[in-house]
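Engineer: Sequence and predicted structure, then a few things I'm wondering about:
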Amino acid sequence: MLDDFARDFYGVGNGSFVIRTHTFDDVVAALGLTLTNTGEIEDVSWNGPAFKAGVSSGATLVAVNRNDYSPAALTGAIVAAEHGGAPIRLLLSYQGGYRTVAVDYHDGLQYPHLVRVNGSPDYLDEIIAAKT
């Protein structure tokens, strides 16, 4: 049985088996964040890079590396941090105040993908195999 991620990624939810492209949500997941396109932080993954920097849900991302927040600005900062030593600086608005946090993340853009667990049955190949 496919888990929710695989079902969504492979498009099975709508009856189609076409692979879907990655979204901005997939990109920011590398930082351990779930946020809206307007920068509202909905969730922070426990012990992820953003959590370790002190980011909390309920805050709003205002700027990234001194540039107004946009999905493109955050994506660009993640790419730049991969090749540089500086952390990603996020200006957050929270409960009427502002603060800047430094997210120490240098692994670049990350996209969800399936990874085989050694020693486990290969159910995915069984599911997509041609039926004879």
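Structural biologist: In hand now; what should we look at? Numbers count the residues shown, from 1 in each chain.
Engineer: what helices or strands is the helix or strand harbouring residue 126 leaning on?
Structural biologist: Here residue 126 is covered by helix 123-128, with elements defined by DSSP states H and E. Here helix 123-128 touches no other helix or strand, going by 3 or more CB pairs under 8 Å, 6 or more residues apart in numbering; DSSP states H and E. Every C-beta, even on glycine, is put in place using the N, C-alpha and C of the backbone.
Engineer: which secondary element of this structure has the worst mean pLDDT?
Structural biologist: helix 4-9 (a mean of 52; mean pLDDT, DSSP states H and E).
Engineer: ok, which stretches of this protein are strands?
Structural biologist: Per DSSP state E, the chain carries strands over the ranges 33-35, 41-44, 60-64, 67-68, 88-94, 97-103.
Engineer: Identify whichever of those strands lies nearest to residue 115.
Structural biologist: strand 33-35 (21.4 Å; CB to CB).
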